[in-house]
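[1] show me how the following folds:
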Amino acid sequence: MSSTCLVSDVSPVWDRAMEAPEGEGRTFMQVISEKYSPENFPYRRGPGMGVVVPSGHQGSPMKDRLNLPSVLVLNGCGITSAGDEGEIAAFCAHVVELDLSHNKLMDWHEISKIVANIPNLDFLNLSSNPLSEAVLEPDYAEAFSRVRRFVLNNTQVSWDVVHTFTREMPELEELFLCLNEYNTVTASATPCTSLRLLHITDNSLHDWSEVRKFGSMFPSLDTLVMANNNLSSILESGDNLCRLFPNLRSINLHNSGLNRWEDIEKLNFLPKLEEVRLQGIPLLQTYTNTERRSLMIAQLPSVTCLNGSMVSEGEREDAERFFIRYHLDHPEEELPHRYHSLVTKYGKLAPLAEIDLRPRCHAKVEVHCEDRVEQVSIRLDQTVAELKKQLRTVVQLPTSNMRLYYIDKDMCSAFGPEEMKYSTRALHSYSIRDGDEILVVPKTK
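    This next block holds a predicted model:
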């Protein structure tokens, strides 16, 4: 989870022991009492983990019982109800994070009893509880008023339930609504001005007409994570985008259905946008990785972080120059607006010269032996010894009777012939080029 990381503080063996028998439910207090009893956890297993058996009265008002950690992970324990509210208040006054995911909670009244008795609760995870049919009364939602980070992934809660919460949670800053099978968005008459982050991945919000509603619902939105929604396009004028999302700093559109550069250009109308995540979209499939990044950076001049990597000033200039050269051969009517802006900045750049930096594999040289001259093509990846074997039929000498000299046609007057005396030396190390000479001198007996 992007905003927080919770690690279960029990072993797999204890997890299995905590699972409720099929068809039976457990109370929140029953699970806590069993999980954190002195018999089950008489020691701590590491910094901040496990349970401490206090030597005296250290905050829990119940004598001879344990203090609980401030982060409670009670996922998959078969919880269906709250249990004794007085005991919840006694044990959990200091708890700030609570993970109740993958339980069997299906009644908002029971959940509100738990939350109402944890006064310092900041983070609540109710993911994968069967809450799609649960009715939320405003009185129940009031119990959640101090929660700032709220996770409702895979609960299929209705938009009416979401709106009831956002009205009754004045401090709500982060809301997670992933995997809830939404294909439409029901707008709220009352905006939630406190919300900064909306995580709504893995739904079916294909149409921009639905997504745009988040602007009026959450006017202070800073981060919108909409990966895996297959959004098809951004059909909005620049002025409207600026008005709808005046504070949006980060947007994640991974695996959306965007397939036009015009949709990418629209992002420039978001006045505070700094971070964009845009991988796995149809528009970019035909480009290489380098082309994708360079073209995206050039199209988004205000973005300082693309797909999780910071954009340096040097990278931006290289990308913008690449953008100009990439479009040099495009017809005038197909040139994007950004092209003309960058030409104004850098001028109309010439194509880069193509330089082949691969090592040469062959060279055509003149082989001189006494009064004979032969044109010979030689492999440059072979050794001097292998060259001698190749030249045996050319100069009619055994390899043991050859002395070879390399003559650089351009440098001969300055340095003269260079004897090729080391039989294992590779020919490419001499920098032999077409037109150079190999002089074969028979050894004297």
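
[2] low-confidence ranges, the chain, go.
    In the predicted model, the chain carries pLDDT under 70 at residues 1-24, 38-67, 352-358, 413, 445.

[3] can you do 50?
    Applying pLDDT under 50 to the chain picks out residues 1-20, 22, 42-64.

[4] determine the longest helix present in the chain.
    helix 313-326 (DSSP state H).

[5] okay, that one in CSV with CA atoms only?
    What follows is helix 313-326, C-alpha atoms only, in CSV (Å, rounded to 0.1, in the frame of the first residue of the first chain):
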residue,chain,number,x,y,z
GLU,A,313,17.9,19.7,-16.6
GLY,A,314,20.4,17.9,-18.9
GLU,A,315,18.0,15.1,-19.6
ARG,A,316,15.2,17.6,-20.4
GLU,A,317,17.4,19.5,-22.9
ASP,A,318,18.5,16.3,-24.6
ALA,A,319,14.9,15.1,-24.8
GLU,A,320,13.7,18.4,-26.3
ARG,A,321,16.4,18.4,-28.9
PHE,A,322,15.6,14.8,-29.7
PHE,A,323,11.9,15.8,-30.1
ILE,A,324,12.8,18.4,-32.7
ARG,A,325,14.9,16.0,-34.7
TYR,A,326,12.3,13.2,-34.4
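
[6] would you mind pulling the contact partners of the helix or strand that it is followed by?
    Going down the chain from helix 313-326, the next helix or strand is helix 337-346, by DSSP states H and E. Residues outside helix 337-346 that contact it (CB atoms under 8 Å, 6 or more residues apart in numbering) are E265, A298, Q299, E320, R321, F323, I324, H327. Yep, even glycine has a C-beta here, placed from its N, CA and C like the rest.

[7] make it 10 Å
    When contacts are defined by CB atoms under 10 Å, 6 or more residues apart in numbering, helix 337-346 is touched by residues 261-262, 264-265, 268, 295, 298-301, 317, 319-324, 326-328, 330, 332, 335-336, 348-349.

[8] quick check: buried residues in stretch 236-255?
    236, 241, 244-245, 247-255 (16 or more other CB atoms under 10 Å).

[9] starting at the chain centroid, how far to the host helix or strand of G86?
    Here G86, judged by DSSP H and E, is contained in helix 85-92. Put simply, helix 85-92 sits 41 Å off its chain's centre (CA atoms, centre = their mean, to the nearest Å).

[10] for stretch 76-95, same thing?
    37 Å.

[11] okay, that stretch in PDB with CA atoms only?
    The C-alpha coordinates for stretch 76-95 follow below in PDB (Å, rounded to 0.1, in the frame of the first residue of the first chain):
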ATOM      1  CA  GLY A  76      -8.100 -12.600   8.400                       C
ATOM      2  CA  CYS A  77      -9.300 -13.400  11.900                       C
ATOM      3  CA  GLY A  78     -12.900 -14.000  11.200                       C
ATOM      4  CA  ILE A  79     -14.100 -10.900  13.100                       C
ATOM      5  CA  THR A  80     -17.800 -10.200  12.700                       C
ATOM      6  CA  SER A  81     -18.600  -7.800  15.600                       C
ATOM      7  CA  ALA A  82     -17.100  -5.400  18.200                       C
ATOM      8  CA  GLY A  83     -17.500  -7.100  21.500                       C
ATOM      9  CA  ASP A  84     -17.400  -5.200  24.800                       C
ATOM     10  CA  GLU A  85     -17.000  -1.500  24.100                       C
ATOM     11  CA  GLY A  86     -15.600  -0.800  27.600                       C
ATOM     12  CA  GLU A  87     -12.800  -3.200  27.000                       C
ATOM     13  CA  ILE A  88     -12.000  -1.800  23.600                       C
ATOM     14  CA  ALA A  89     -11.700   1.600  25.200                       C
ATOM     15  CA  ALA A  90      -9.500   0.200  28.000                       C
ATOM     16  CA  PHE A  91      -7.100  -1.600  25.700                       C
ATOM     17  CA  CYS A  92      -6.900   0.500  22.600                       C
ATOM     18  CA  ALA A  93      -6.700   4.100  23.800                       C
ATOM     19  CA  HIS A  94      -3.200   4.500  22.300                       C
ATOM     20  CA  VAL A  95      -3.800   2.500  19.000                       C
END
